[in-house]
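**Q** pasting the sequence and the predicted coordinates here, then a few questions.
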Amino acid sequence: MTYSLGEELPRPVASTELFDRLSSRRSASAQTLQSPGPAPAVLDSILALGARTPDHGKLFPWRFVVMGPESRHQIAKALRPLADRQPDPKKAAAVLGKLTAPPVSILVLSVPVAGHPVPVWEQELSAGAVCMNLEHAAAAFGFSTSWITDWYSYDTEAKALFGVREGERVAGFIHIGTVAEAPLERVRPDVAALTTHLP
């Protein structure tokens, strides 16, 4: 559903389904993501939902690069020689499987607006919020996701292969697909130990 500018939006209502989804949210291993992935129309909806994120100043300080299997296969091939220069070449080459296995990936780039009153840090946080929104949106359509970066998100030559421009940073790759087996629960934080309540 889409809304027109200035149109009144529904107020939040209690939702057991949403509560259950958030309670069981779990990233999948990128290498385990397989077909089917989202069809083009569904992917468009996932992107639109992902863009409904907190964004101080309405700057939209991020952009998306949607990558199918062919583009990622070619980039992974070009990344292999660069992997040999990493501190752990064997591991650097192995993680390229995360890039090629899923049916579709969304590269989220942080594109801060320099010189704006909204601090760059807040703009970068907005890009991170987009990544999380994309994960929730994909889950709403029944898909599993993996939000990762890996070494090629920080290597200058590697970033150029993805079309990362000057002043942009990789917020994450959101890999989307279907898992054959349900993921297992992982260690979760002790929220009480991380929380301060003020009167």
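**A** Happy to help now that I have it.
**Q** what stretches of this protein score poorly on pLDDT?
**A** Within the chain, no range satisfies pLDDT under 70.
**Q** who does the lengthiest strand in it touch, helix- and strand-wise?
**A** Ordering each strand of the chain by length in residues (DSSP state E) puts strand 169-177 first. Packing partners of strand 169-177 (3 or more C-beta pairs under 8 Å, 6 or more residues apart in numbering; DSSP states H and E): strand 104-110, helix 120-140, strand 144-148. Heads up, the C-betas are built off the backbone N, CA and C, glycines and all.
**Q** turn those into a markdown table, columns for distance to Glu7 and mean neighbour count.
**A** Output for the helices and strands packed on strand 169-177, formatted as a markdown table (distance: least, C-beta to C-beta, whole Å; neighbours: other C-beta atoms under 10 Å):
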| stretch | distance to Glu7 | mean neighbour count |
| --- | --- | --- |
| strand 104-110 | 27 | 24 |
| helix 120-140 | 20 | 19 |
| strand 144-148 | 30 | 22 |
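**Q** ok, and the closest non-adjacent residue to Met132?
**A** Excluding its sequence neighbours, the residue lying closest to Met132 (C-beta to C-beta, 6 or more residues apart in numbering) is Trp147, at 7.6 Å.
**Q** what bridges to that neighbour?
**A** As for beta bridges, Trp147 partners with Ile174 under DSSP bridges.
**Q** is it in contact with Glu135, as I believe?
**A** Yes. With contact defined as C-beta atoms under 8 Å, Trp147 counts as touching Glu135 (6.0 Å).
**Q** mutual contacts of these two, please.
**A** Any residue near both Trp147 and Glu135 by C-beta atoms under 8 Å, 6 or more residues apart in numbering counts here, and that gives 27, 174.
**Q** mind checking the SS state of Val66?
**A** Assigned state for Val66: strand (three-state reduction, DSSP: H, G, I helix; E, B strand; the rest coil).
**Q** got a list of what it touches?
**A** 43, 47, 104-107.
**Q** now, among the residues you listed, which is nearest to Arg186?
**A** The shortest approach to Arg186 among the contacts of Val66 belongs to Ser105, at 22.2 Å (C-beta to C-beta).
**Q** nearest to Ala114 among the contacts of Val66?
**A** Looking across those and measuring by C-beta to C-beta, the closest to Ala114 is Leu107, at 21.3 Å.
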